[in-house]
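In: Fold the following.
(chains A and B)
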Amino acid sequence: MTVEFSELEKARYKKLLFLKDQGMELYPRKTKRTHLSSQAISEFEQSEEDGDVHVEVAGRLQSIRSMGKIVFAHIEDERGKLQLFLRRDELGDEVFGLFINGFDLGDFIQASGVMFRTRAGEISLRVEQFTILAKSITPLPAGKEEIIDGERIVHSAFTNPEARYRQRYADLAVNHDIREIFWTRSRIMRALREFLDEHGFIEVETPILQPLYGGAAAKPFTTHHQQLRQDLYLRISFELYLKRLIVGGFERVYEIGRDFRNEGVSFKHNPEFTQLEFYIAYADYEEVMMLTEQMVAFAAAKALGSTQLQYQGESIDLTPPWRRLDLRAALQKYAKIDIADFPTYASLEEIIRDQGDTLAPESTRGKLIEALLSKYVEPACIQPTIIYDYPRDISPLAKSKVDDPETVERFEVFVGGMELCNAFTELNDPVDQEQRFQEMRKDYDADDKERHPMDEDYLRAMRYGMPPNGGFGMGIDRLTMLFTDQSTIREVILFPHLRSKGGGEDK
RNA sequence: GGCCCGCUAGCUCAAUUGGCAGAGCAACUGACUCUUAAUCAGUAGGUUAUAGGUUCGAGUCCUAUGCGGGUCACCA
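Out: I've put the predicted structure just below:
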């Protein structure tokens, strides 16, 4: 044994040996289960005849109340709990003793018998036979729970966030509300796929390991292929690959997968996160706006049963149509600045300072505007809001407005005070695109880490001819936060990134 | 990366001005044939995150480190 058992674990290990001595197979291969807890209960409710409903159930021991010659215990399976009732005079001293002396909270048990109702009124299983399915050696960090007026109150619950994330298995085993978050997340993913599939999309998979990164402004993770002796990047977006597919003739493509960004972590940022991107040939951003509203409302209806939800104390209504504001109007309203009056970096920077604001120094006018947006507009958008028409210099892959070359057809959706989606009419002019890459390169040359590589292959694809198209990206983690009323992204990611204990040093 | 806060029994938390480190649950022993936070009696459980310092005396004060939480910065 490589790990020293604690006193508590030693006590349990002794029980394990006891059961083994008594001839029990501690970790059997086959389980016989005829009913889930909930099925056993509802079947009994149909008849209410004591002795009528015979079941075999399996689950994890969640509570044990021993009263001398009888025992009450609850087992828990994925969907519910069931009370077991064991009597010494029915089971015999020896078998009854196996339970009393051999079983602990956290053990997996299989039990069979007949359903009945106790004097206190709880539908329970009168156990005739039982066996162990898996012994628990380390005690779960379980609290005790009681039900008051139908509300579940847990005492001394396992709440330390660090411990919960590091030992998510224990968190899930003990805090069963947590499992519901991930059921909702799963329903969201299924609903999004269903929506897109029904709208004629093909789901595709593009490289995660990329020789060049692009499609977003973010620092990438780097890795290395030994045999090819090639440095590779973990993707920061799918965009450039998906649009290559539009060149290739797919008219509607989407991908759901993981992006990786080597940046700060926060309540809404995890180094790896799940993204949905789609591209539609012959569509522009207005068509994408309509589809976005429908898709998110559809996902809410499917995952929650409603397009209304509660988020951090606010009622949010996702029913289309959503409020739409152009970026200039939004900044007038929330930041009290009309950006049209300040057409240069210097003038805009001056008015921001004059208003007594302390935005960090930015390199371009577009970045200043973006800083204003995230400081003033984003937190104010509780109801779903489409902000559209962005500065060109922070949107190098988006097409300009026909009457205003400095503004592009781009929109973002904000809801619950968070950015949720980013979309635009995609730039499909290869000459213009090359110019934009050059401009970006210039802007970022000063800061080597954020320098944007020129993707020659992508430009070649575009030179073959890319149909006009509208593109879209959405963070699935944030959508899940919204749908499950969670204030941090870590709660909706099963294994969020945490610093390693005793590590964290750059080598 | 900056700043603030935290780290005490398996879990959740106490500990007055620097003065014997405690409780509930979990565990162990015993009682108990309808309990459900079962109850009752008893027992055990600690290098107070780590390393150093101040002090007659440190969970408490100081310094450093680790990990976490919050916040700011960063995040086309």
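
In: tally of neighbours for residue A:115?
Out: By other CB atoms under 10 Å, the residues close to residue A:115 number 25. C-beta coordinates here come from the backbone N, C-alpha and C atoms, glycine included.

In: Let me fix that, I meant to ask about residue A:194.
Out: There are 13 residues near residue A:194, going by other CB under 10 Å.

In: Remind me which helix or strand it belongs to.
Out: helix A:176-198 (DSSP states H and E).

In: Tell me the residues of the stretch 251-400 of chain A that contact RNA strand B?
Out: For the stretch 251-400 of chain A, the contact set with RNA strand B under CB under 7 Å from any atom of the strand comprises A:261, A:263-264, A:266-267, A:269, A:360, A:362, A:367, A:370-371, A:374-375, A:394-397.

In: make it 10 Å
Out: By CB under 10 Å from any atom of the strand, the residues of the stretch 251-400 of chain A that approach RNA strand B are A:261-269, A:357-364, A:366-367, A:369-371, A:373-375, A:378-379, A:390-391, A:393-398.

In: which SS state does residue A:331 fall under?
Out: Judged by DSSP: H, G, I helix; E, B strand; the rest coil, the three-state class of residue A:331 is helix.

In: Which ones among the residues of the stretch 251-400 of chain A next to RNA strand B lie within strands?
Out: A:390-391 (DSSP state E).

In: Pull out the buried residues from the residues of the stretch 251-400 of chain A next to RNA strand B.
Out: Neighbour counting with 16 or more other CB atoms under 10 Å marks A:261, A:268, A:362, A:366-367, A:369-371, A:373, A:378, A:390-391, A:393-398 as buried within those.

In: Residue A:63 reaches residue A:71, doesn't it?
Out: No - Residue A:63 is beyond contact range of residue A:71, at 10.6 Å (criterion: CB atoms under 8 Å).

In: Show me the strands in the stretch 151-300 of chain A, by range?
Out: With DSSP state E, counting those that start in this stretch as the criterion, the stretch 151-300 of chain A has strands at A:151-155, A:202-203, A:209-210, A:222-225, A:230-234, A:252-260, A:272-281.

In: right, so the ones you listed: which one is the most enclosed?
Out: strand A:272-281 (a mean of 22; mean count of other CB atoms under 10 Å).

In: Please save the CA atoms from that one in PDB.
Out: Only the C-alpha atoms of strand A:272-281 are listed here, as PDB (Å, rounded to 0.1, in the frame of the first residue of the first chain):
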ATOM      1  CA  GLU A 272      -9.900  26.000 -21.600                       C
ATOM      2  CA  PHE A 273     -13.500  26.600 -22.400                       C
ATOM      3  CA  THR A 274     -16.200  25.300 -24.700                       C
ATOM      4  CA  GLN A 275     -17.200  27.300 -27.700                       C
ATOM      5  CA  LEU A 276     -19.800  27.000 -30.400                       C
ATOM      6  CA  GLU A 277     -19.000  28.600 -33.800                       C
ATOM      7  CA  PHE A 278     -21.100  28.400 -36.900                       C
ATOM      8  CA  TYR A 279     -20.800  29.900 -40.400                       C
ATOM      9  CA  ILE A 280     -23.500  30.400 -43.000                       C
ATOM     10  CA  ALA A 281     -22.800  31.100 -46.600                       C
END
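
In: okay, now residue A:123: neighbour count?
Out: Neighbourhood size, residue A:123 [other CB under 10 Å]: 19.

In: who's in contact with it?
Out: By CB atoms under 8 Å, 6 or more residues apart in numbering, residue A:123 lies in contact with A:41, A:44-45, A:83, A:115-117.

In: can you redo those residues as JSON lines with secondary structure, distance to residue A:248 and pLDDT?
Out: Below are these laid out as JSON lines (DSSP: H, G, I helix; E, B strand; the rest coil; distance: CB to CB, whole Å; pLDDT from 0 to 100):
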{"residue": "A:41", "secondary structure": "helix", "distance to residue A:248": "55", "pLDDT": "95"}
{"residue": "A:44", "secondary structure": "helix", "distance to residue A:248": "59", "pLDDT": "94"}
{"residue": "A:45", "secondary structure": "helix", "distance to residue A:248": "58", "pLDDT": "92"}
{"residue": "A:83", "secondary structure": "strand", "distance to residue A:248": "60", "pLDDT": "96"}
{"residue": "A:115", "secondary structure": "strand", "distance to residue A:248": "60", "pLDDT": "95"}
{"residue": "A:116", "secondary structure": "strand", "distance to residue A:248": "65", "pLDDT": "94"}
{"residue": "A:117", "secondary structure": "strand", "distance to residue A:248": "65", "pLDDT": "94"}
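
In: Got a quick PyMOL command for the buried subset of the residues you listed?
Out: Only the buried entries of those go into this PyMOL selection, using 16+ other CB under 10 Å:
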select buried, chain A and resi 41+44+83+115+116
